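>>> Sequence plus predicted model, see below.
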Amino acid sequence: MLILLFFVLGYTHNLKAQNSDWIDIENAIAKTDAQHQFILVDIYTDWCGWCKKMDQTAFADPATLANLKNNFVLVKLNAEGENPINFNGKTYNPVPTGNRKTSQLAIDLGSVSGRIGYPTLVVLDSKGNKLQAFPGYKDADTINQLVKYYVSGSYKTMDFMTFQSKN
């Protein structure tokens, strides 16, 4: 029983420490600077198993998290948050989607071919403009490749799949 308690407390502490590296989207643009020219938005929901797995694996990997923190402003966006979001001079409200409500901002940023799935990683430039959305679970290696893709400027000349095949 005592071992289980230590495991739970340690796991909870790890999630709290990890979550402190991420900010809300309303403050993201103010955090960009010469080093952090991009914003990475992790769009998730509380019920999404793959979102939790990505938090527990890829985002929990110390090298991957350090790589992200060194190159991106990191944002967590709960797609089913209940409150309006003020971003880039506009207010985004939750909208009904089936039996749930989804943030209009999550829909605008995360939609690929008119659909949104969870998790979805979205890369924004320093002004908050969407560069690209990447739906689905991503492992640490893929996330590190994504960082390299943007930091190297390769996103300007080729798509991500081409970049991955060359690296």
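Looks like it arrived, so ask away. From a predicted model like this one, the values you see are computed outputs, not experimental measurements.
>>> Can you find the helix or strand of this protein with the lowest average pLDDT?
helix 2-19 (a mean of 42; mean pLDDT, DSSP states H and E).
>>> Residues touching the following helix or strand past that helix, excluding its own?
Next along the chain after helix 2-19, taking DSSP states H and E as the criterion, comes helix 28-31. Residues outside helix 28-31 that contact it (CB atoms under 8 Å, 6 or more residues apart in numbering) are 23, 39, 41, 73, 75, 87, 88, 124, 126, 127, 128. Backbone N, C-alpha and C define where each C-beta goes, glycine included.
>>> what's the burial count for the fifth one?
Which is residue 75. 22 (other CB atoms under 10 Å).
>>> For it, which residues are in contact?
Contacts of residue 75 were listed using CB under 8 Å, 6+ apart, and they are 22, 23, 24, 25, 28, 39, 40, 41, 42.
>>> For those, name the two members farthest from one another.
Of all pairs drawn from the contacts of residue 75, the widest gap by CB to CB lies between 24 and 40 and measures 13.5 Å.
>>> Check which helix or strand the residue nearest in space to the middle of the chain maps to.
The chain has residue 42 as the residue nearest its centroid, 1.7 Å off, counting by CA atoms, centre = their mean. Assigning secondary structure by DSSP H and E places residue 42 in strand 38-44.
>>> which stretches of this protein have low pLDDT?
Filtered on pLDDT under 70, the chain yields the residue ranges 1-19.
>>> List the buried residues of stretch 67-76.
67, 68, 71, 72, 73, 74, 75, 76 (16 or more other CB atoms under 10 Å).
>>> can you check stretch 77-94 too?
Here stretch 77-94 shows 77, 78, 79, 80, 81, 85, 87, 92, 94 as buried, counting by 16+ other CB under 10 Å.
>>> And the contacts of it?
Defining contact as CB under 8 Å, 6+ apart, one finds that stretch 77-94 is touched by 24-26, 28-29, 41-46, 100-110, 116, 118, 127-128.
>>> So residue 81: helix, strand or coil?
coil (DSSP: H, G, I helix; E, B strand; the rest coil).
>>> Repeat that for residue 149.
helix.
>>> ok, the spatially closest residue to it that is not a sequence neighbour to residue 110 distance?
Nearest non-adjacent residue to residue 149, counting by CB to CB, 6 or more residues apart in numbering: residue 163, 4.9 Å away. Shown here: residue 163 relative to residue 110, a distance of 21 Å by CB to CB, to the nearest Å.
>>> Could you check which of those two has the larger neighbour count?
residue 110 (26 against 18).
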